[in-house]
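> sharing a model that was predicted from the sequence below.
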Amino acid sequence: MKKKIVSIICVSALGATMLAGCGNSGSDETVVEEAESVVDEAKEEAQEMEQEDADTSELEVIEEEEGETTEAAGEGEGTTVTVYAAASLETVMTDLIAQYTEEHPDIEIVGSYDSSGTLLTQIEEAAGNGIDVFFSAAQTQMNTLQDDDNLVVDGTRHNVVNNQVCVITYTDSGTEVTGLDNLELASSMALADGSVPAGKYTRTALMNIGILPETDDPSEYTTEEVSEALGGLEINECSNVSKVLQAVAEQSNEVGTAYYSDTYGYEDQVEILEYISYDLTGDVIYPVAQVNNAEASEAESEAALDFINYLISDDAKTIFESYYFDVDVED
């Protein structure tokens, strides 16, 4: 429409110029000058209109691209749940997370694995921020998080599975060791330190069979003290139970104590010499709870609770059992 108006102005100016050619010479020059001025103004107006049209088109394109980018970003957004879990849970958790996210593709579960004691310290140092779920290999660490730190969300704590501590050796080791009673016969032993649940359970069992003296907290026995009680046995102190398993499987140490569940997938590399009775270790309960994460969005909090509910479901129990965990526990 704007271009049509400019064209009409130009045509009118041109007509005026032609008529001027038929009149007096004095006034002709004036008319011609005015007509040329009109044409010039019309051209300038046309150029301004064209520039405005170009700017408007460019702005529309930018707004459209921004809208598409925002929409694409919205479609790609998801919810992330960060889970801190005991090292002995890493293998089974990989399967559990895969099963859960298959049903909940909009939720990403990120697992971080280490000894329960190490994870507890990390959660405490962060004041719970950035961590949504804690899955411990012992009640002690969860009790601390709940009672001392007040970082467990009320009503979200559950006992999930039980486990069993075993004395293991590598396949065809030819060891003379048959179990806890004669560990001193080994050339070396891999043992988790006392802050690690598996290390504490082992020390508790050694205390209950009389190798270590009675004490209120067996976890306080140092590796050196355990070695001395076992006749100076060389002990490789490990920071978590998974490292104990690796040390034995790789034949770095003749024997070690690990969980029954740890031997899953290592049946060709390690042999179980003794399943240590619960009477000696106590129940090896794994509790889970939602962490009070002040940084979590409402969606993240809801997803964290939903994942915990999945972990205590019958579907999850089937998977736990296939990885040698005992699911017959009281919640």
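Nice, thanks for sending it over. Numbering: from 1, shown residues only.
> for the one residue sitting closest to the centre of the chain, which three-state class applies?
Per C-alpha atoms, centre = their mean, the C-alpha nearest to the average position across the chain is that of Val110, at 1.7 Å. Following DSSP: H, G, I helix; E, B strand; the rest coil, we place Val110 in the strand state.
> quick check: which element contains the closest residue to it other than its chain neighbours?
With C-beta to C-beta, 6 or more residues apart in numbering as the criterion, Val110 has its nearest non-adjacent residue at 5.0 Å, and that residue is Thr82. Glycine gets a C-beta too; all of them are placed from N, C-alpha and C. Assigned by DSSP states H and E, Thr82 belongs to strand 79-86.
> for that strand, the distance to its chain's centre please.
Between the centre of strand 79-86 and the centre of its chain there are 4 Å (C-alpha atoms, centre = their mean, to the nearest Å).
> still on that earlier bit, what's the local residue count around the residue nearest to Val110?
By other C-beta atoms under 10 Å, the residues close to Thr82 number 18.
> mind starting the numbering at 44 from now?
In the new numbering, first residue 44, that becomes Thr125.
> check contacts around the closest residue to Ala181 other than its chain neighbours.
Counting by C-beta to C-beta, 6+ apart, Pro240 is the residue found nearest to Ala181 once chain neighbours are left out, at 3.7 Å. Contacts for Pro240 (C-beta atoms under 8 Å, 6 or more residues apart in numbering) come out as 129, 158-160, 179-181, 183-184, 284, 327.
> what's the answer for Ala272, then?
Taking C-beta under 8 Å, 6+ apart, we find Ala272 in contact with 249, 254-255.
> quick check: next helix or strand after the helix or strand where Thr161 lies?
Assigned by DSSP H and E, Thr161 belongs to helix 159-168. Counting by DSSP H and E, the element after helix 159-168 in chain order, helix or strand, is strand 176-178.
> adjacent strands (with direction) for that following strand?
Paired neighbours of strand 176-178 in the sheet (DSSP bridges): strand 122-129 (parallel), strand 327-333 (antiparallel).
> quick one: distance of that strand to the chain centre.
Centre-to-centre, strand 176-178 and its host chain are 11 Å apart (C-alpha atoms, centre = their mean).
> try stretch 288-308
With C-alpha atoms, centre = their mean as the basis, stretch 288-308 stands 26 Å off its chain's centre.
> which of the residues in that stretch are buried?
Going by neighbour count (16 or more other C-beta atoms under 10 Å), the buried part of stretch 288-308 is 288-292, 296-306.
> ok, which pair from those is furthest apart?
Glu297 and Ser304 (21.8 Å; C-beta to C-beta).
> could you pull out the strands for this protein?
Secondary structure of the chain (DSSP state E): strands located at 122-129, 150-157, 176-178, 201-206, 208-213, 232-235, 278-281, 298-302, 313-318, 327-333.
> could you dump these to a markdown table with distance to Ala170 and mean pLDDT?
Compiled in a markdown table, these are given as follows (distance: least, C-beta to C-beta, whole Å; pLDDT from 0 to 100):
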| stretch | distance to Ala170 | mean pLDDT |
| --- | --- | --- |
| strand 122-129 | 14 | 98 |
| strand 150-157 | 16 | 97 |
| strand 176-178 | 13 | 98 |
| strand 201-206 | 23 | 98 |
| strand 208-213 | 33 | 98 |
| strand 232-235 | 27 | 98 |
| strand 278-281 | 29 | 98 |
| strand 298-302 | 30 | 98 |
| strand 313-318 | 39 | 98 |
| strand 327-333 | 15 | 98 |
